[in-house]
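S.K.: Curious how this folds, go ahead:
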Amino acid sequence: QVQLVESGGGLVQAGGSLRLSCAASGRTFSRYFMGWFRQAPGKERMFVAAIRWSGAGLTYYADSVKGRFTISRDNAKNTVYLQMNGLKPEDTAVYYCASRNKLDYSDYEGEYAYWGQGTQVTVSS
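M.R.: The predicted structure is shown next:
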(Lines give C-alpha, C1' and ligand atoms only; values in the text may rest on other atoms or scores of the structure.)
Protein backbone atom coordinates (compact mmCIF):
# COMPACT_ATOMS: atom_id res chain seq x y z
CA GLN A 1 0.00 0.00 0.00
CA VAL A 2 1.00 3.59 -0.64
CA GLN A 3 -0.34 6.48 1.40
CA LEU A 4 -0.41 9.97 -0.06
CA VAL A 5 -1.24 13.15 1.85
CA GLU A 6 -1.55 16.49 0.07
CA SER A 7 -1.25 19.91 1.65
CA GLY A 8 -0.71 23.51 0.66
CA GLY A 9 -3.97 24.42 -1.01
CA GLY A 10 -5.80 27.65 -0.30
CA LEU A 11 -7.25 30.86 -1.66
CA VAL A 12 -5.05 33.12 -3.77
CA GLN A 13 -5.58 36.04 -6.10
CA ALA A 14 -4.99 35.72 -9.82
CA GLY A 15 -1.30 36.04 -10.61
CA GLY A 16 -0.32 34.64 -7.24
CA SER A 17 1.51 31.47 -6.29
CA LEU A 18 0.98 28.37 -4.20
CA ARG A 19 3.10 25.32 -3.50
CA LEU A 20 1.39 21.99 -3.01
CA SER A 21 3.08 19.12 -1.21
CA CYS A 22 2.41 15.39 -1.37
CA ALA A 23 3.96 13.26 1.34
CA ALA A 24 4.24 9.60 0.38
CA SER A 25 4.69 6.54 2.56
CA GLY A 26 4.43 2.80 2.10
CA ARG A 27 5.76 0.53 -0.62
CA THR A 28 8.45 2.51 -2.41
CA PHE A 29 8.58 0.22 -5.42
CA SER A 30 4.94 1.02 -6.05
CA ARG A 31 5.51 4.63 -6.93
CA TYR A 32 7.75 4.87 -9.95
CA PHE A 33 5.81 7.90 -11.15
CA MET A 34 4.07 10.56 -9.12
CA GLY A 35 1.43 12.73 -10.70
CA TRP A 36 -0.77 15.69 -9.96
CA PHE A 37 -4.30 15.83 -11.29
CA ARG A 38 -7.06 18.36 -10.74
CA GLN A 39 -10.82 18.36 -10.86
CA ALA A 40 -12.81 21.55 -11.30
CA PRO A 41 -16.50 21.68 -10.30
CA GLY A 42 -18.64 19.82 -12.80
CA LYS A 43 -15.66 18.65 -14.82
CA GLU A 44 -13.62 15.48 -15.18
CA ARG A 45 -10.37 15.00 -13.37
CA MET A 46 -7.50 16.13 -15.59
CA PHE A 47 -3.76 15.52 -15.69
CA VAL A 48 -1.54 18.39 -14.54
CA ALA A 49 2.02 17.10 -14.15
CA ALA A 50 4.09 14.00 -13.41
CA ILE A 51 7.59 13.16 -12.28
CA ARG A 52 9.61 9.97 -12.11
CA TRP A 53 10.91 9.14 -8.63
CA SER A 54 14.21 7.66 -9.77
CA GLY A 55 17.08 8.81 -11.90
CA ALA A 56 16.97 12.24 -13.44
CA GLY A 57 13.37 12.72 -12.39
CA LEU A 58 11.90 13.31 -15.83
CA THR A 59 8.93 15.65 -15.74
CA TYR A 60 5.81 16.00 -17.84
CA TYR A 61 3.19 18.75 -17.96
CA ALA A 62 -0.22 19.44 -19.38
CA ASP A 63 -0.10 22.18 -22.02
CA SER A 64 -2.36 24.37 -19.88
CA VAL A 65 0.23 24.66 -17.10
CA LYS A 66 3.55 24.55 -18.99
CA GLY A 67 5.75 27.47 -18.05
CA ARG A 68 3.69 28.25 -14.93
CA PHE A 69 3.79 25.07 -12.84
CA THR A 70 6.84 23.09 -11.76
CA ILE A 71 6.78 19.58 -10.32
CA SER A 72 9.72 18.46 -8.21
CA ARG A 73 10.64 15.82 -5.68
CA ASP A 74 12.63 15.44 -2.49
CA ASN A 75 13.53 11.76 -2.25
CA ALA A 76 14.90 12.12 1.26
CA LYS A 77 11.56 13.45 2.46
CA ASN A 78 9.46 11.18 0.21
CA THR A 79 7.66 14.30 -0.91
CA VAL A 80 6.58 15.65 -4.29
CA TYR A 81 5.83 19.32 -4.81
CA LEU A 82 3.84 21.32 -7.30
CA GLN A 83 4.92 24.95 -7.48
CA MET A 84 2.18 26.95 -9.12
CA ASN A 85 2.95 30.45 -10.35
CA GLY A 86 0.89 32.86 -12.38
CA LEU A 87 -2.31 31.30 -11.14
CA LYS A 88 -5.49 31.94 -13.08
CA PRO A 89 -9.14 31.59 -12.04
CA GLU A 90 -9.39 28.58 -14.36
CA ASP A 91 -6.80 26.79 -12.19
CA THR A 92 -9.43 26.59 -9.45
CA ALA A 93 -9.93 22.91 -8.63
CA VAL A 94 -9.30 20.16 -6.14
CA TYR A 95 -5.75 18.98 -6.71
CA TYR A 96 -4.89 15.31 -6.21
CA CYS A 97 -1.58 13.57 -5.86
CA ALA A 98 -1.35 10.08 -7.36
CA SER A 99 1.12 7.23 -7.62
CA ARG A 100 1.77 5.01 -10.63
CA ASN A 101 3.53 1.68 -10.19
CA LYS A 102 4.81 1.40 -13.74
CA LEU A 103 8.09 2.49 -15.25
CA ASP A 104 6.53 4.31 -18.20
CA TYR A 105 4.84 7.69 -18.13
CA SER A 106 1.07 8.13 -18.36
CA ASP A 107 -1.29 11.08 -18.13
CA TYR A 108 -4.37 8.87 -17.78
CA GLU A 109 -5.82 8.78 -14.27
CA GLY A 110 -6.81 5.13 -14.63
CA GLU A 111 -3.13 4.21 -14.75
CA TYR A 112 -2.50 5.59 -11.26
CA ALA A 113 -3.20 3.14 -8.46
CA TYR A 114 -3.02 5.29 -5.34
CA TRP A 115 -4.54 8.69 -4.62
CA GLY A 116 -4.49 11.28 -1.91
CA GLN A 117 -7.59 12.94 -0.49
CA GLY A 118 -7.12 16.15 -2.47
CA THR A 119 -6.50 19.77 -1.56
CA GLN A 120 -8.62 22.72 -2.68
CA VAL A 121 -7.05 25.52 -4.71
CA THR A 122 -9.19 28.58 -5.33
CA VAL A 123 -7.99 31.46 -7.50
CA SER A 124 -9.99 34.67 -7.32
CA SER A 125 -10.10 37.19 -10.17
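
S.K.: right, and the secondary structure at the most centrally placed residue in the chain would be what?
M.R.: When C-alpha atoms, centre = their mean is applied to the chain, the residue found nearest the centroid is Trp36 (2.1 Å). Following DSSP: H, G, I helix; E, B strand; the rest coil, the label given to Trp36 is strand.

S.K.: I figured it was touching Ala49, is that so?
M.R.: Yes: between Trp36 and Ala49 a contact is recorded at 4.9 Å, counting by C-beta atoms under 8 Å. Using the backbone N, CA and C atoms, a C-beta is placed for each residue, glycine as well.

S.K.: Which residues are in contact with each of these two?
M.R.: Listed as contacting both Trp36 and Ala49 by C-beta atoms under 8 Å, 6 or more residues apart in numbering are 71, 82.

S.K.: Can you give me the distance of the residue nearest to the centre of the chain to Ser125?
M.R.: The gap separating Trp36 from Ser125 is 23 Å, by C-beta to C-beta, to the nearest Å.

S.K.: Please apply the same query to Thr59.
M.R.: The value you get for Thr59 to Ser125, if C-beta to C-beta is used, is 29 Å.

S.K.: ok, the two, which is more surrounded?
M.R.: Set side by side, Thr59 and Ser125 show more neighbours around Thr59, with 15 against 9, by other C-beta atoms under 10 Å.
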